[in-house]
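A.B. asks: heads up, no residue letters with this:
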């Protein structure tokens, strides 16, 4: 016999709703509590399945590499690549710093 998972209390649901910044009425909290506990019960039912013959996997569907082959071809000269940059220095594009170094 499979043990039932611990259910979520009303306080648990209120806490999760607060963390998610959800403003919920008492009726909505009650409905959410029931729905979340139903989901937990469904996971409990999954423990009843015999999965011994199923290989562990991190991906449930086959993945296919859809990248194109690398082909070496001429690229823009540096002068053209930098021609539309608002500011350059020594062959690089100058951008505003995003982190304050505290200098």
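C.D. replies: That came in fine, so what should we check first? These figures come from a predicted structure and were not determined experimentally.
A.B. asks: where exactly do the helices run in this protein?
C.D. replies: Taking DSSP state H as the test, the helices found in the chain are 10-19, 26-46, 78-82.
A.B. asks: Save those as a markdown table, and put in mean pLDDT too.
C.D. replies: A markdown table is the format used below for these (pLDDT from 0 to 100):
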| stretch | mean pLDDT |
| --- | --- |
| helix 10-19 | 94 |
| helix 26-46 | 92 |
| helix 78-82 | 93 |
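A.B. asks: would a markdown table of those helices with mean neighbour count be doable?
C.D. replies: Where C-beta positions appear, they are placed from N, C-alpha and C, glycine not excepted. Output for the helices of the chain, formatted as a markdown table (neighbours: other Cβ atoms under 10 Å):
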| stretch | mean neighbour count |
| --- | --- |
| helix 10-19 | 13 |
| helix 26-46 | 12 |
| helix 78-82 | 11 |
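A.B. asks: among those, which is nearest residue 94?
C.D. replies: helix 78-82 (10.2 Å; Cβ to Cβ).
A.B. asks: now what about that closest one, what contacts it?
C.D. replies: 75, 88, 91, 93 (Cβ atoms under 8 Å, 6 or more residues apart in numbering).
A.B. asks: where's the third one relative to residue 46, distance?
C.D. replies: In this structure, residue 91 and residue 46 are separated by 58 Å, where distance is defined by Cβ to Cβ, to the nearest Å.
A.B. asks: roughly how far apart are the residue of the chain most remote from its centre and residue 33?
C.D. replies: Residue farthest from the centre of the chain, counting by Cα atoms, centre = their mean, is residue 79 at 39.5 Å. Per Cβ to Cβ, residue 79 is found 65 Å from residue 33.
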